[in-house]
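[1] Please work out how this folds:
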Amino acid sequence: MVRPERFLRRVRCRVTRRAGSAKALTMTDTPKKGWLSRLSEGLSRSSKQMTEQVVSTFVREPLSEAALEKLEEHLIESDLGPAASSRIVERFRELRFGKVSDEREVKEALAEAVAAELLPRQATYEPLNGPRPFVTLFVGVNGSGKTTTLGKIAADLTGQGAKVMIVACDTFRAAAREQLKVWADRAGADFESRRDGADPAGLAFDAYTRAKAEGYDVVLIDTAGRLQNKSALMDELLKIVRVLKKIDPDAPHETLLVLDATVGRNALAQEQIFGRTAYVSGLVMTKLDGTARGGVLVPVAQASDAPIKLIGVGEGIEDLQPFDARAFSRSLVGLED
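    Prediction:
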């Protein structure tokens, strides 16, 4: 078994400037101190939901067909979804059928089975390893943690020496702009916004134009999330994308869909609404520490055309981290090492 510390690495891109030359990127693998313990603590409710019945069933007697049926039911109840649950059961049947196992062995087998489901859906978010400025569009429903996620990313990037612009394109909610301004001040990022009701696409175009002219490294664009007016919202998002492409046909370079894990399988519906309309390139799952249904990450990841790039397990900046399928799977079943 490979230890999770080897998998969880904070990939940092450090921007270096040389006289008379373009920026060079130096990639360094820096372990995030304490992240594994925070991940395990954040997923503790999900871990309890996932493993209590599974472990108690399988450590008492050899794995039987009846026990496998109970396993499948329990995995579905834990929001892993029917398809993934069925595959995990088949994996258990192949690896452990007829054997008596202790608690550790059961958890190890379950962690490997969940990781096998998630590894193909793992990817990285690297805004300092691309065009300048690198434009990221943040989409998702109100309350999903979209604005907070953007703010945490901005703080991380400015901490690495990047010149960052935050753009508040949710021009319908003054509170959202105020929250974003607080994050910009905290991160040391520049902030662009307009009056209530202003055209979000016009703001995005002007901000991106300025960012290119003034040598910004990253532009982070917050958007509205009013699902009660879904058609108008999608039209607005597509208009923002169109105007950005007038400046750079490849922009936005990332579109991150932020999902709230506490809504459980409703996150699947949100992914379907945004994922197929807003050209989402990556998923961010937030608030995993606030739910017993962290397993919903599995069906969401498999239903989406976009991979998981970041997960959040707390309020702190350091609680938003690159997604690591193996570390997540081990924490989900209560393994900390």
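
[2] Okay, now the unreliable bits of this protein?
    Scanning the chain for pLDDT under 70 picks out 1-33, 35-36, 46, 49-50, 57-61, 96-100, 227-229, 291-293, 337.

[3] middle-most residue in it, spatially?
    The structure's the chain has its C-alpha centroid closest to residue 284; by Cα atoms, centre = their mean the separation is 1.9 Å.

[4] Report the separation between that one and residue 91.
    28 Å (Cβ to Cβ, to the nearest Å). No exception for glycine: its C-beta is placed from N, CA and C like everyone else's.

[5] so where do the strands sit in the stretch 101-250 of the chain?
    134-139, 164-168, 190-192, 218-222 (DSSP state E, counting those that start in this stretch).

[6] Just list what the third one packs against, helices and strands only.
    In this case it means strand 190-192. Here strand 190-192 touches strand 164-168, helix 174-187, helix 200-213, going by 3 or more Cβ pairs under 8 Å, 6 or more residues apart in numbering; DSSP states H and E.

[7] Out of those, which one sits most buried?
    For these, the largest average neighbour count (mean count of other Cβ atoms under 10 Å) is found in strand 164-168, namely a mean of 26.

[8] got the contact list for residue 83?
    By Cβ atoms under 8 Å, 6 or more residues apart in numbering, the contact set of residue 83 is 299, 302.

[9] Phi and psi next, for it.
    phi -70, psi -50 (degrees, to the nearest 10).

[10] quick one on the thing from earlier: does the residue nearest to the centre of the chain really touch residue 304, like I thought?
    No. Checked against Cβ atoms under 8 Å, the pair residue 284 and residue 304 is beyond contact range at 11.6 Å.

[11] Residue 309: which element?
    Residue 309 belongs to strand 308-312 when assigned by DSSP states H and E.

[12] and what of residue 321?
    In this assignment (DSSP H and E), residue 321 forms part of strand 320-322.

[13] So what's the gap between that strand and the chain middle?
    How far strand 320-322 lies from its chain's middle: 7 Å, per Cα atoms, centre = their mean, to the nearest Å.

[14] Tell me the helix or strand right after it.
    Using DSSP H and E, the helix or strand that follows strand 320-322 in sequence is helix 325-332.

[15] Now do that following helix: which elements does it pack against?
    Contacts defined by 3+ Cβ pairs under 8 Å, 6+ apart place helix 325-332 against helix 35-42, helix 44-58, helix 103-118.

[16] before we move on, the earlier item: I'd like the helices and strands packed on strand 190-192 as CSV, with distance to residue 78 appended.
    CSV is the format used below for the helices and strands packed on strand 190-192 (distance: least, Cβ to Cβ, whole Å):
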stretch, distance to residue 78
strand 164-168, 37
helix 174-187, 33
helix 200-213, 38
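
[17] Neighbours of residue 287, how many?
    By other Cβ atoms under 10 Å, 22 other residues sit near residue 287.

[18] how about it, what does it touch?
    Residue 287 sits in contact with 145, 260-262, 312, where contact means Cβ under 8 Å, 6+ apart.

[19] Ramachandran angles for it?
    phi 60, psi 30.

[20] Can you tell me how far it is from residue 206?
    For residue 287, the distance to residue 206 - Cβ to Cβ - is 33 Å.

[21] Next: residue 321.
    33 Å.

[22] Please apply the same query to residue 84.
    44 Å.

[23] for residue 177, same thing?
    Residue 177 is 16 Å from residue 206, by Cβ to Cβ.

[24] now swap in residue 281 and tell me
    24 Å.

[25] got it, and residue 34?
    41 Å.

[26] Same check on residue 129?
    26 Å.

[27] can you check residue 286 too?
    29 Å.

[28] what pairs with residue 134 across the strands?
    residue 218 (DSSP bridges).

[29] give me the number of residues near it?
    Count around residue 134 with other Cβ under 10 Å applied: 23.

[30] Contacts only, for the closest residue in space to residue 239 that isn't next to it in sequence.
    In space, not counting the residues next to it along the chain, residue 239 is nearest to residue 201; the distance is 4.3 Å by Cβ to Cβ, 6 or more residues apart in numbering. Contact analysis of residue 201 by Cβ under 8 Å, 6+ apart lists 169, 236, 239-240, 242-243.

[31] Quickly list the domain ranges of this protein.
    The chain breaks down by automatic domain parsing into domains covering 43-121, 134-332.

[32] Packed most tightly, which of the ones you listed would that be?
    domain 134-332 (a mean of 20).
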